[in-house]
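> one predicted model, sequence on top.
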Amino acid sequence: MVTTRSATRVVCNDSTTATASNSGRLSQAGTSDKDSEDSDIAPRHVKKRFRKGAGHRTKTKLKRRGRLDLMPTMNLDVLFHILSFLLPMDLLNLSRTSKDFRNLLLQRSSASAWKIARLQVDDLPDCPQDMSEPQYANLAFYPHCHDCGRVVRSVLWPLRARYCPRCICENTLDHWGSQTRIPRMNFSPYDLPHAMIYGTGRPKQLFLRKAVDDLLAEHIKTPADEMAALLLEKRKYAAEVMEHAEQCQQWSQSVANSRKNELDAIRRARQDDIVTHLTEAGYKPELDYVDRFWLQDRLGASFREPKPLTQKTWDRMRPDLITALDKVRSRRIEDKVYGPRRQILVDEYKKYLQHPPPPNAAFDLMPHAVNVAEFDPFRVLITSPESVTITATSFVSAFQQLPDFVSSWRAKIDHDFLDLIHCPEKQGDSDKQKDTDCLQLATAVFVVECGSDRRLLMYPEVLSWPGFFVPATNTLPDEVYQLHVKQFGCRMWSAVRHLPRISVFEGAAAVVQAAGCDPKTTRREDMDVLDARFACGECSTPGRKVVMTWDMAVMHSYRLHRDLQTEEIKWTMIEGDELENVKDFEKEAKPLVKADAIVYCALCQHHVRDAQSLASIQKHLAETHGVPLNEAEQGTHYIPDRNSTSVISMVVDSDGKVSNHADHRLVPSYSSGVEILYWKSHLV
Ligand SMILES: [Zn+2]
Ligand SMILES: [Zn+2]
Ligand SMILES: [Zn+2]
């Protein structure tokens, strides 16, 4: 509390202490106004307002009755008691509210009020002796340039000033600057307080321009014999200012740090509040699922704002956040709930395929797990609520129903496939009929074209054409879609995703005819049972026949002679000794398939995308079926894929000698030009 005052004394408001100054900086104590601590700590715009309002003083006063401007008229003991609760910034603000307050607070007798306020600021160094309390408060707390009034956060403590970048040049001299001319005298930087600036450019040593001028003036006036004493006195003062500045600098740094910590705490509380609201709304699993930057990305600056979260702000951010979190929820469930269940299905289906099919449940080609997962009993299990525990045994009943679903799935994709077949116009209506039975014929061999990819495929393996599974390239990058692809390695069978052009390969009919069979009725298994060997009329020369199995002959027609009319190739079936020699050779010559052959496992049920390189299947045989590498046999353990040129063709000489036939013409590899259809386990 302040020292005793007359309880009846009120502040006189006709003081003339407020004098215009061209500087926002407080003038030094001890100015011409003997009763004033300070001539001006009010920015110019405040003074202007007073001048403007002078003509309506009474009116304004009446309007303001009951507000702050009546305070200076109250009992001073009471008033100073109230002031003792304020901080320096409050006193500064108060002194700028009215002339009365300014007069009151800038009186020297009010110094104790400022001191009380200052002492409430933790660790702020004492007011230096050569500054008044209001000047010191203004320096430490009023965040504006002392010259132009712009907001400036940092204080040049040794210079006891705040300057914006523009005013700093006008008001200071850089001792190290090339442009600066500090007058020659016995001057050392230690003689005046100076601020060191280490910024991005070269360092600076700044002096107040006015202080240099004053020193120079004194220097001129001072007799030579008193010069040493003058400089000593200056140096002593400078050292005191510098030491005080150092303490202030540390104080201001610690204030900045604690302010930063305070803001961080407010930010954390705001973020915690957002998380709490979302947790209460049931989105905890989603928040755990996305990483911690998700909310920040979503909310942008609003997430890091150092303000407590109000109900209004929360209401504003809530709808968008919930919409976004609902999407996260579907992704999380697909990933963390359905994902593991789908993996169980994939593993169980793999085991299912390793066993012979149950009676009446054998199919020439089983579906991929991605399709099995969509069969009703499986889908219901996979998409059952999160709280339901799904294990391998949960799928037992679904697997019992699998054959029915495979059957209808096959019927459906057979139809979809037939719909894709391009029929040459010359064919009659009867040939056009889309009867899935025709797919069993030996002539069910197709040229599948899509983009630059073109290949010959027999049924049913043609259903494994990679394009039926590969995700569409133009699909929008939907996260759930991508998760699906990741979980299965492919998409569900679809005839329309890549829309290939499919036509029947006419060359197959010629081979069937060469066996004396009717292409319209002869089925694939009829040709297999016949087990004939065919000589290519184009490749054979008198006394040297190039011979092969019927499916190789079809493949051969396409790969080597597709520019010929089918009847031009002239396939002949070999008979008698020649046939026996060839078959004997096949039995003896090992391996019968090429090293890079594409085969599939004979012990697993034949399924979509099971065709792989011989080496991979040998590994599978050893690991899954316990068949050692050297015991794996063609036919028993693995089957060459008809759609690759896996099987070696042979040459029969005129003396009946059989040997391997090396392809004499380089033809594009079966897998060449596969651009859109690259896929890990495609049919090469
Ligand atoms: Zn400025
Ligand atoms: Zn040929
Ligand atoms: Zn197998």
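Received the coordinates, thanks. Ligands and ions are numbered 1, 2, ... in the order given.

> so which bits of this protein are right by ligand 1?
145, 147, 148, 150, 164, 167 (C-beta under 5 Å from the ion). Quick note: C-beta positions are derived from backbone N, CA and C, even for glycine.

> for the third one, which three-state class applies?
The one in question is residue 148. Going by DSSP: H, G, I helix; E, B strand; the rest coil, the secondary structure assigned to residue 148 is coil.

> what's around it, how many residues?
Neighbourhood size, residue 148 [other C-beta atoms under 10 Å]: 14.

> OK, contacts around the closest residue to it other than its chain neighbours?
Closest residue to residue 148 apart from its sequence neighbours, by C-beta to C-beta, 6 or more residues apart in numbering: residue 167 at 5.5 Å. When contacts are counted by C-beta atoms under 8 Å, 6 or more residues apart in numbering, residue 167 touches 145, 146, 147, 148, 150.

> got a PyMOL select line for the buried ones in these?
Selection of buried members from those for PyMOL, criterion 16 or more other C-beta atoms under 10 Å:
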select buried, resi 145+146+147
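
> picking that back up, now pLDDT and distance to residue 643 too, for the residues of the chain next to ligand 1, in a markdown table please.
What follows is these, written out as a markdown table (pLDDT from 0 to 100; distance: C-beta to C-beta, whole Å):
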| residue | pLDDT | distance to residue 643 |
| --- | --- | --- |
| 145 | 95 | 83 |
| 147 | 92 | 87 |
| 148 | 93 | 84 |
| 150 | 94 | 80 |
| 164 | 94 | 80 |
| 167 | 94 | 84 |
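
> including distance to ligand 3, could those go into a markdown table?
As requested, the residues of the chain next to ligand 1 are exported to a markdown table (distance: C-beta to the ion, whole Å):
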| residue | distance to ligand 3 |
| --- | --- |
| 145 | 83 |
| 147 | 87 |
| 148 | 85 |
| 150 | 80 |
| 164 | 80 |
| 167 | 85 |
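
> okay if I get those residues as a markdown table plus distance to residue 470?
Output for the residues of the chain next to ligand 1, formatted as a markdown table (distance: C-beta to C-beta, whole Å):
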| residue | distance to residue 470 |
| --- | --- |
| 145 | 67 |
| 147 | 71 |
| 148 | 68 |
| 150 | 63 |
| 164 | 64 |
| 167 | 68 |
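
> need the max-distance pair from the contacts of residue 167.
Spatially, the most separated pair among the contacts of residue 167 is 146 and 150, at 10.1 Å (C-beta to C-beta).

> quick revisit: among the contacts of residue 167, which one sits closest to residue 319?
Using C-beta to C-beta, the contacts of residue 167 come closest to residue 319 at residue 150, 40.4 Å.

> for that closest one, which non-adjacent residue is spatially closest?
residue 164 (4.4 Å).

> tell me the contacts of that neighbour?
145, 147, 148, 150, 152.

> redo that, cut-off 10 Å
Residue 164 is in contact with 144, 145, 146, 147, 148, 149, 150, 151, 152, counting by C-beta atoms under 10 Å, 6 or more residues apart in numbering.

> ditto for residue 404
Residue 404 neighbours (C-beta under 10 Å, 6+ apart): 361, 375, 377.

> what's the spacing between the second one and ligand 2?
Right, residue 375. Distance of residue 375 to ligand 2, given as C-beta to the ion, to the nearest Å: 44 Å.

> swap in the last one?
For residue 377, the distance to ligand 2 (C-beta to the ion) stands at 50 Å.

> what is the neighbour count of that residue?
17.

> next one: the first one
Residues within reach of residue 361, counting by other C-beta under 10 Å, total 15.

> which residues sit in contact with the residue nearest to residue 123 when sequence neighbours are not counted?
Closest residue to residue 123 apart from its sequence neighbours, by C-beta to C-beta, 6+ apart: residue 251 at 5.3 Å. By C-beta under 10 Å, 6+ apart, the contact set of residue 251 is 121, 122, 123, 124, 125, 140, 157.

> ok, now which ones touch the residue of the stretch 101-250 of the chain found nearest ligand 2?
Going by C-beta to the ion, ligand 2 is nearest to residue 200 of the stretch 101-250 of the chain, at 78.7 Å. The contact partners of residue 200, by C-beta under 10 Å, 6+ apart, come to none.

> and it, that's in a strand?
No - counting by three-state DSSP, residue 200 falls outside a strand, being coil.

> how much space separates it from ligand 1?
Counting by C-beta to the ion, the gap from residue 200 to ligand 1 is 20 Å.

> element containing the residue nearest the centre of the chain?
By C-alpha atoms, centre = their mean, the chain has its centre lying nearest to residue 294, at 9.0 Å. Element membership of residue 294 [criterion: DSSP states H and E] is helix 293-299.

> for that helix, which positions count as buried?
295, 298, 299.

> what do you get for stretch 513-532?
Buried residues in stretch 513-532, counting neighbours by 16+ other C-beta under 10 Å, are found at 513, 514, 515, 517, 519, 522, 523, 524, 526, 527, 532.

> residue 224 is in contact with residue 231, correct?
No - using C-beta atoms under 10 Å as the test, residue 231 is too far from residue 224 to be in contact (11.9 Å).

> kindly reformat the contacts of residue 167 as TSV containing distance to residue 607.
Putting those into TSV (distance: C-beta to C-beta, whole Å) gives the following:
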residue	distance to residue 607
145	80
146	84
147	84
148	81
150	77
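
> residue of the stretch 301-450 of the chain with the smallest distance to ligand 1?
For the stretch 301-450 of the chain, C-beta to the ion, closest residue to ligand 1: residue 306, 27.2 Å.

> contacting residues around that residue?
259, 260, 262, 263, 264, 265, 266, 267, 268, 269, 270.

> filter these down to the ones in helices?
259, 260, 262, 263, 264, 265, 266, 267, 268, 269, 270 (DSSP state H).

> mind pulling up the pLDDT for the closest residue to ligand 3 within the stretch 101-250 of the chain?
Nearest residue of the stretch 101-250 of the chain to ligand 3, counting by C-beta to the ion: residue 200, 68.8 Å away. pLDDT, residue 200: 78.

> where does pLDDT dip in the stretch 451-600 of the chain?
Counting by pLDDT under 70, the stretch 451-600 of the chain has low-confidence residues at 473-477, 589-596.

> A helix includes residue 413, no?
Yes - the assignment for residue 413 by three-state DSSP puts it in a helix.

> can you tell me the closest non-neighbouring residue to it?
residue 493 (5.5 Å).

> residues in contact with that neighbour?
Residue 493 neighbours (C-beta under 10 Å, 6+ apart): 367-368, 370-371, 374, 409, 412-413, 416-417, 463-465, 468-469, 608.

> and it, how far from residue 460?
12 Å (C-beta to C-beta, to the nearest Å).

> between the two, what contacts are shared?
413, 417, 608.

> for PyMOL, what selects the buried ones among the residues you listed?
Applying 16+ other C-beta under 10 Å to the shared contacts of residue 493 and residue 460, the buried members can be selected in PyMOL as follows:
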select buried, resi 413+417+608
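
> of the shared contacts of residue 493 and residue 460, just say which sits nearest to ligand 3.
For the shared contacts of residue 493 and residue 460, the residue nearest ligand 3 by C-beta to the ion is residue 608; the value is 14.2 Å.

> how about the closest one, nearest residue that isn't a chain neighbour?
Spatial nearest neighbour of residue 608, chain neighbours left out: residue 368 (4.3 Å); criterion: C-beta to C-beta, 6+ apart.

> measure that neighbour to residue 80 for me?
88 Å.

> thinking again about what came up before, between residue 231 and residue 224, which is the more surrounded one?
residue 231 (20 against 6).

> okay, the more buried one: pLDDT?
86.

> chain center to the one helix or strand residue 619 maps to, what's the gap?
Assigned by DSSP H and E, residue 619 belongs to helix 614-625. From the chain centre to the centre of helix 614-625 is a distance of 39 Å (C-alpha atoms, centre = their mean, to the nearest Å).
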